[in-house]
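1. turn this into a model:
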Amino acid sequence: MKNLRVFLILLMVLLPSLACKAVAGGSNQVEEAIEPTDIPTEEVSLPAPRSGGIITRVTLARGSTPKDYEPVDPTTEFAPQDTIHAIVTVKQAPTDTKFTVKWLITDVGDAAEPNYLLDVTETVQTGSGNMDFTLTPKSGLAVGSYRIEIYVNDVLDRMVEYTIAD
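-> Numbering: from 1, shown residues only. Here you go, the predicted structure:
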C-alpha cells in the first residue's frame, strides 16, 4: 500500500513533465508550451464541440508514417508507456489557421483530479493534410480515461476520448 502511495505521488509530480509535440508538413508551425493547471471539478460541464468543417478526421494511433503522418496501429486503448499519436486530418484550412490540442485527464481515480491539463500544443497551418500531435509519457500514465480537445482558432471543434489500460 505504501509503494502504491509513493507511485501515485511520483506520478502526480511527473505528469506535468509529459512531452507533447506537434509535427506537421507546413512551414508556418508555431509551438507554445503552457503550464498544466487544475480545473475545478465542481459543477464542471464539458464544452460541446462545434465542427467548423476544416477537420475531417481525428485518429488516435500508436504511430504514424514519417512522410504523410498516416496513422499506424489505430486504437483508443493504450498502455501506460505508449506514445499516443493524434492524427488530425484537415481540408482547405485558410491561411494561418491556429490549431490547439489539449491533453486532459478524465478519470484516473485518486491519482489525479478530473479535467487535469497534461499538456497543450498550438500550431498554425494552411491547406490540407495530416498533422501528428503526440503525447509521450516519461514515467507512464495512470490507468484510466483521458481525452483530447482540438480547437480551431480557439473554438472547440473535436473531443476524442481514449483509455490507458495495463
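
2. tell me the pLDDT at Val23?
-> Model confidence at Val23, given as pLDDT, is 38.

3. just Lys138 next, same as before
-> Note for Lys138: predicted pLDDT of 89.

4. ok, now Asp166?
-> Looking at Asp166, its pLDDT stands at 89.

5. same deal with Val44?
-> pLDDT for Val44: 44.

6. and for Thr83?
-> At Thr83, pLDDT is 97.

7. show me the contacts for it.
-> By CB atoms under 8 Å, 6 or more residues apart in numbering, the residues touching Thr83 are 62-63, 134-137. For glycine as for every other residue, the C-beta is placed from the backbone atoms N, C-alpha and C.

8. select only the buried ones of the residues you listed in ChimeraX?
-> To isolate the buried ones among the contacts of Thr83 in ChimeraX, judged by 16 or more other CB atoms under 10 Å, type:
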select :63,134,135,137
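
9. in JSON lines, list the contacts of Thr83 along with distance to Glu149.
-> Shown next, in JSON lines, are these (distance: CB to CB, whole Å):
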{"residue": "Arg62", "distance to Glu149": "21"}
{"residue": "Gly63", "distance to Glu149": "22"}
{"residue": "Thr134", "distance to Glu149": "16"}
{"residue": "Leu135", "distance to Glu149": "13"}
{"residue": "Thr136", "distance to Glu149": "19"}
{"residue": "Pro137", "distance to Glu149": "19"}
